[in-house]
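Chemist: give me a model of this one.
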Amino acid sequence: MPDSVEIPNKLFFRIGEVCKLLQLEPYVLRFWESEFPTLSPAKGANGRRMYRKKDLEMVVTIKGLLYDRGFTIAGARKILTSRKHDNATGGLSPSDNSPKTHAKSARPAPDDLDQVKIELRNILTILSRRC
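Modeler: Here you go, the predicted model:
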């Protein structure tokens, strides 16, 4: 697991505990829940979020992708979705199930980047002519 966060052996964690443990603000967790379908803590009878250990592991993974590896929300969502798909089809072994492995495979090839740069320059040229 990234960042080597020690998750206590408990069944459920309240949002405040998760925030303190992972050094995040509650609004960040609530936003991530709306952006990442794989992050879905249970809600108790009182409506409060109850995070399981797997939810904390997902938060650590998301935090690593966004803060450490520099992915955008959309990029991180794509990585997590592809990982979920690969796991469902048996495409990955457990050792390949890390964001670092997927981050490397998600990067475009240098030739692709060169092509994108050329196309963007062409778009800029077209736009500058119209002004």
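
Chemist: helices of this protein, start to end?
Modeler: 15-22, 26-35, 53-63, 73-89, 99-106, 110-130 (DSSP state H).

Chemist: any idea how many residues pack against residue 68?
Modeler: Neighbours of residue 68 under the rule other Cβ atoms under 10 Å: 13. Yep, even glycine has a C-beta here, placed from its N, CA and C like the rest.

Chemist: ranking the helices of the chain by mean pLDDT, which is last?
Modeler: Mean pLDDT is lowest for helix 99-106 out of the helices of the chain, coming in at a mean of 49.

Chemist: just to revisit the earlier point, can you tell me which of the helices of the chain is most buried?
Modeler: Sort the helices of the chain by mean neighbour count, taking mean count of other Cβ atoms under 10 Å, and helix 53-63 sits at the top with a mean of 20.

Chemist: point out the other helices and strands that that helix packs with.
Modeler: Here helix 53-63 touches helix 15-22, helix 26-35, helix 73-89, going by 3 or more Cβ pairs under 8 Å, 6 or more residues apart in numbering; DSSP states H and E.

Chemist: relative to helix 26-35, how tilted is the first one?
Modeler: Angle, helix 15-22 to helix 26-35, by axes from the mean of the first three to the mean of the last three Cα atoms, to 10 degrees: 100 degrees.

Chemist: distance between helix 15-22 and the chain's centre?
Modeler: Helix 15-22 sits 18 Å away from the centroid of its parent chain (Cα atoms, centre = their mean, to the nearest Å).

Chemist: identify the residues contacting that helix?
Modeler: With contact meaning Cβ atoms under 8 Å, 6 or more residues apart in numbering, helix 15-22 is reached by 5, 7-8, 13, 24-26, 29-30, 41, 48-49, 51, 55-56, 59-60, 63.

Chemist: at 7 Å instead, please
Modeler: With Cβ atoms under 7 Å, 6 or more residues apart in numbering as the test, helix 15-22 has contacts from 5, 25-26, 29, 49, 51, 56, 59-60, 63.
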